[in-house]
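Q: Give me a 3D structure for the following:
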Amino acid sequence: MILDIHTHCYPENLAAAELRNWKGPADVTLPDGTLSGLLRDLDKAGIDRAVVLHVAHKPGSARAVNDFAAEVQRTHGERLRCFGSIHPDAPDAVEELWRIKELGLHGVKLHPIFQNFDPTEERYFSLYREMGHVGLPVLFHCGKHPGYTIAFQPTQMEVILPYFQGTTVIGAHLCGLSGATEQLSVLTTLPIYVDLGYCARYFEPSDLSCIIKRLDEERILFGSDTPWDTAEAELKKLEQAGLSSRIMDKILSQNACELLNWPVSGQ
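A: Numbers count the residues shown, from 1 in each chain. Below is the predicted model:
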């Protein structure tokens, strides 16, 4: 079984706009960003389950974003689980955080770049403590992004981790290594999960293998970041790293299933 922990889809009337300025890798044809497009992409890659991540780009948008996430999960819950989102600068951020849990969503995503906030600012620490009380996994978009000055990488993650009070934190995109390894030594010390969303193609297979072997193999999660890449392309790149079947089983399903308490059918 394969579980992709880092995917996206958007409402039918918004998907084209979300992807309008993204050309993507030259070697693939990208999905269209819709729910049906996501399911087709997963099918093509042979992926059994996925976590769909959602982001509240602006204060005031979280309620609609989370309602959409809940509907995706309601209609496709056997295969898809969704993370909701809050905007850290929204007046109702704490209220919406608890509503995410009431909706039955399985985590919270924060995107410092698109949400335009610096996670290390002290004014957000009380929000992180509240996330600790809620108890849902928190996934941060990590790394740099063209045209933005905010970068969130292991050194920034190290600053904020104590405020989550033990809640599971996931650093997406290898916690922002983005093809470089300067902060790998910091990352190896952090008690977080990392996902591989849109990472495999950044590294030579041998380099990716070396990075994975330096991390805690119990905390590495396969992710594709579809529709920004295809699930099939990211999976093939990971397979080229030549990891053992034991480690691949952990990355592709076991770690995520345990983290999300998502039993394999029949167990």
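
Q: Where in this structure is the helix or strand with the lowest mean pLDDT?
A: helix 15-19 (a mean of 90; mean pLDDT, DSSP states H and E).

Q: Distance-wise, check residue 154 relative to residue 161.
A: 10 Å (CB to CB, to the nearest Å). No exception for glycine: its C-beta is placed from N, CA and C like everyone else's.

Q: quick one: which of these two has more around it?
A: Shown here are residue 154 and residue 161; by other CB atoms under 10 Å, residue 154 has more neighbours (23 against 17).

Q: Ramachandran coordinates for that one?
A: Phi and psi for residue 154, reported as degrees, to the nearest 10, are phi -50, psi -40.

Q: Which pLDDT does the model give it?
A: Residue 154 carries a pLDDT value of 95.

Q: State the distance from it to residue 80.
A: Per CB to CB, residue 154 is found 30 Å from residue 80.

Q: next one: residue 39
A: 8 Å.

Q: Equivalent analysis for residue 120, please.
A: Distance from residue 120 to residue 80, by CB to CB: 32 Å.

Q: So which of those two has more stuff around it?
A: With neighbours defined as other CB under 10 Å, residue 120 and residue 80 compare such that residue 80 has more, 22 against 15.

Q: which residues sit in contact with that one?
A: Shown in contact with residue 80 (CB atoms under 8 Å, 6 or more residues apart in numbering): 49, 50, 51, 52, 72, 73.

Q: Among those, which pair sits farthest apart?
A: Maximum pairwise distance among these (CB to CB): 13.4 Å, between 49 and 72.

Q: quick one, longest helix in this structure?
A: helix 62-76 (DSSP state H).

Q: so what's residue 128 closest to, chain neighbours aside?
A: residue 163 (3.9 Å; CB to CB, 6 or more residues apart in numbering).

Q: Make sure the one you found is indeed in a helix.
A: Yes: the assignment for residue 163 is a helix, going by DSSP: H, G, I helix; E, B strand; the rest coil.

Q: in terms of contact, does it touch residue 122 like I think?
A: No: in this structure, residue 163 is not within contact of residue 122 by CB atoms under 8 Å, at 9.6 Å.

Q: residues contacting residue 181?
A: 207, 211.

Q: What are the contacting residues of the longest helix of the chain?
A: 9, 11, 35, 39, 52, 54-56, 80-87, 90, 92-93, 96, 99-100, 103-105.

Q: Repeat that for stretch 209-219.
A: With CB under 8 Å, 6+ apart, stretch 209-219 has contacts from 174, 177, 181, 184, 187-188, 192-194, 203, 220, 241-243, 247, 250-251, 255.

Q: Just the buried residues from these, in ChimeraX please.
A: Per 16 or more other CB atoms under 10 Å, the buried members of those correspond to this ChimeraX selection:
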select :174,177,184,187,192,193,194,203,220,241,243,247,250,251,255
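
Q: follow-up on the earlier one: residue 163 and residue 122 - which one has more neighbours?
A: residue 163 (18 against 7).

Q: per-residue pLDDT, that one?
A: pLDDT, read off for residue 163, is 97.

Q: Then residue 261?
A: With respect to pLDDT, residue 261 scores 96.

Q: Residue 2 versus the residue lying closest to residue 263 once chain neighbours are set aside, what's the distance?
A: Nearest in space to residue 263, with sequence neighbours left out and distances taken as CB to CB, 6+ apart, is residue 257 at 7.0 Å. The gap separating residue 257 from residue 2 is 11 Å, by CB to CB.

Q: out of these two, which sits in the more crowded spot?
A: A side-by-side neighbour count of residue 257 and residue 2, using other CB under 10 Å, places residue 2 first with 19 against 16.
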